[in-house]
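>>> Here is my input, please return the structure:
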Amino acid sequence: MHCLGEKSLSAATQALPEGGLALVCGASGGIGSALSSKLRADRRFAAVVELSRGGSPPLDLLDEARIAAAAAHVAATGMDIRLLIVATGVLEGEGCHAEKSWRQLDAHALAKSLAVNAIGPALLIKHFMPLLPRSGRCVFAALSARVGSIGDNRLGGWYSYRAAKAALNQVLRSAAVELKRTRPEAICVALHPGTVDTGLTRAFAKRGLEVQNPDTAAAGILNTLDRLDSADSGGFFDQHGRGIPW
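Alright, predicted model coming up:
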């Protein structure tokens, strides 16, 4: 199991390019909002762009035309994208539910979970990854989930969410391979943010789990991203930089 090296945050930060854009897709959610706030306070990027369904331009993962329009809006800035974080996802609600048994499987819920958790991020890759600069360090990261790990699945259940996050992981892995051919310094990874006290997980947090507030989770995510290098591209990491089995 791969684990990031013990590079200090300060050393990694000094190695990052100055300027460029940081983008947060899903910036209106609990983790996305916390990530946006920390990136704005960091000031290492020339600008932080927050994209969400209620933003301008609106970003809807179920509407490819809006994804393409948002990408065109970002491209029109003429600035290099140095960091793009996909902080979207749905576990329950919006037609999805966390199944405890195969008896609860529903075709529409499965399709909706795949649409939001895997297909939407795949379309973000289609429209935004070509905008990444061809030289210098840049990062495309998407929030996945440990429950999307097939090797780590010992409890079962949550069929649609597990399947959708496993699909997302495979999409990111394939994208990382393709990205390396034209952008050797670029990094594409899946990240497990931990159990975070947001609307997505609040109803399912169990006693004994390490439940973090969004600010703590965002700090862990950004610390992990700071310590990545191109050799880590295509990996699946938790918020502490530890590798997660596929």
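>>> Just say helix, strand or coil for the most centrally placed residue in the chain.
Residue closest to the mean C-alpha point of the chain, counted by CA atoms, centre = their mean, is residue 142 at 1.7 Å. Following DSSP: H, G, I helix; E, B strand; the rest coil, residue 142 is assigned to strand.
>>> Tell me what it is bridged to.
In this entry, residue 142 is beta-bridged to residue 86, residue 190, by DSSP bridges.
>>> contacting residues around it?
Shown in contact with residue 142 (CB atoms under 8 Å, 6 or more residues apart in numbering): 85-86, 121, 124, 168, 172, 189-191. Every residue, glycine included, has its C-beta placed from N, CA and C.
>>> Please report how far it lies from residue 225.
For residue 142, the distance to residue 225 (CB to CB, to the nearest Å) stands at 12 Å.
>>> intersection of neighbour lists for those two?
Joint contacts of residue 142 and residue 225 (CB under 8 Å, 6+ apart) are 85, 189, 191.
>>> Can you give me the buried ones in the strand or helix carrying residue 32?
For residue 32, the enclosing helix or strand under DSSP states H and E is helix 30-42. Residues of helix 30-42 classed as buried by neighbour count (16 or more other CB atoms under 10 Å): 30-39.
>>> Can you list the helices and strands that it packs against?
Other elements packing on helix 30-42 under the criterion 3 or more CB pairs under 8 Å, 6 or more residues apart in numbering; DSSP states H and E are strand 21-25, strand 47-51, strand 81-86, helix 214-226.
>>> can you list the weak-confidence ranges in this structure?
The model of the chain has pLDDT under 70 over residues 1-18, 198-210.
>>> Would you map the strands across it?
Per DSSP state E, the chain carries strands over the ranges 21-25, 47-51, 81-86, 138-143, 186-192, 195-196, 211-212, 236-238.
>>> So which of those is nearest residue 65?
Nearest to residue 65, of all the strands of the chain, is strand 47-51, at 14.6 Å by CB to CB.
>>> Name every strand pairing with the closest one and say which way it goes.
Take DSSP bridges as the rule and strand 47-51 pairs in its sheet with strand 21-25 (parallel).
>>> Tell me which residues of stretch 117-131 come out buried.
The neighbour-count check on stretch 117-131 (16+ other CB under 10 Å) flags 117-125, 127-129, 131 as buried.
>>> try stretch 51-70
51-52, 59, 61, 66-67, 70.
>>> What subset of the contacts of residue 142 is buried?
Burial by neighbour count, 16+ other CB under 10 Å: within these this picks out 85-86, 121, 124, 168, 172, 189-191.
>>> Next, format the residues you listed as JSON lines and append distance to residue 25.
Output for these, formatted as JSON lines (distance: CB to CB, whole Å):
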{"residue": "85", "distance to residue 25": "7"}
{"residue": "86", "distance to residue 25": "5"}
{"residue": "121", "distance to residue 25": "8"}
{"residue": "124", "distance to residue 25": "6"}
{"residue": "168", "distance to residue 25": "13"}
{"residue": "172", "distance to residue 25": "14"}
{"residue": "189", "distance to residue 25": "15"}
{"residue": "190", "distance to residue 25": "14"}
{"residue": "191", "distance to residue 25": "13"}
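>>> which of those lies closest to residue 100?
Nearest to residue 100 among these is residue 168, at 22.1 Å by CB to CB.
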